[in-house]
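Visitor: generate a structure from the sequence data that follows.
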Amino acid sequence: MKDNRKYKRHKIDGAEIDGKIAFADEVIICDLSLGGVSLKADRRMNIGEEYLLKLQNKEGIIRIKGVVVWSLLSGSKNDDKGNVIPIYSAGLRFADESRQEIKELIDFLEEHERKRYKAINEGLNEFVNLSEQFKEVLELFAE
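Guide: Here you go, the predicted model:
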């Protein structure tokens, strides 16, 4: 299946960006692009309505408006009292005037990805000599 998206999506690790929307206790950012965001929230979001989304990371806070283009009930969870809380997934499209703020956030994410990729690759390039740890086992097979 061909991806016809206009902008590259960035998968978001839950620790990278905190999201907030009015009247929602929990907002989880799933992915982000210059054009929009997909998220999960404990609040229903109505298709066609505009919401103010607050995105926060180590670099600061961005407040951005987005229009809901899709929304669906995607699960539920139980609160401390045993009440069932519905969880909704939604996709918001950002307004054009917000793209510079989002670009700054994506630049931060891309730098984070580069650092993480570099750390993983440096770890893979380290040679670990296990022959000392398994010396006795190796000697048994050598006999």
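Visitor: what's across from the residue lying closest to Ala22 once chain neighbours are set aside in the sheet?
Guide: Of all residues not flanking Ala22 in the chain, Leu52 sits nearest, at 6.8 Å (CB to CB, 6 or more residues apart in numbering). Any C-beta I mention is one placed from the backbone N, CA and C, and that applies to glycine too. Per DSSP bridges, the residues bridged to Leu52 are Lys65.
Visitor: which residues of the chain score low on pLDDT?
Guide: Counting by pLDDT under 70, the ranges of the chain that qualify are 1-5, 13-15, 97-99, 108, 112, 116, 123-143.
Visitor: go with 90
Guide: Residues of the chain meeting the criterion pLDDT under 90: 1-19, 22-23, 30-36, 55-65, 79, 94-143.
Visitor: what about the helices in it?
Guide: Here the chain has its helices, by DSSP state H, at 99-125, 135-142.
Visitor: re earlier: thought the residue nearest to Ala22 was touching Ile62?
Guide: No: Leu52 is beyond contact range of Ile62, at 10.8 Å (criterion: CB atoms under 8 Å).
Visitor: which of these two has more neighbours?
Guide: Between Leu52 and Ile62, counting by other CB atoms under 10 Å, Ile62 is the more crowded of the two (16 against 11).
Visitor: and the more buried one, how close does it get to Arg9?
Guide: Distance, Ile62 to Arg9, by CB to CB, to the nearest Å: 17 Å.
Visitor: so Gly48 versus Gly35, what's the distance?
Guide: Counting by CB to CB - Gly48 and Gly35 are separated by 17 Å.
Visitor: ok, the two, which is more surrounded?
Guide: Gly35 (19 against 8).
Visitor: is it true that that one touches Leu92?
Guide: No: the pair Gly35 / Leu92 is not scored as a contact, 9.6 Å apart, by CB under 8 Å.
Visitor: ok now do Lys6, which residues does it touch?
Guide: Contact partners of Lys6, counting by CB atoms under 8 Å, 6 or more residues apart in numbering, are 34-35.
Visitor: cool, and Val69?
Guide: Residues in contact with Val69 (CB under 8 Å, 6+ apart) are 36, 47, 91-93.
Visitor: turn these into a markdown table, columns for neighbour count and distance to Ile106.
Guide: Output for the contacts of Val69, formatted as a markdown table (neighbours: other CB atoms under 10 Å; distance: CB to CB, whole Å):
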| residue | neighbour count | distance to Ile106 |
| --- | --- | --- |
| Gly36 | 22 | 12 |
| Ile47 | 12 | 25 |
| Gly91 | 20 | 17 |
| Leu92 | 23 | 15 |
| Arg93 | 16 | 16 |
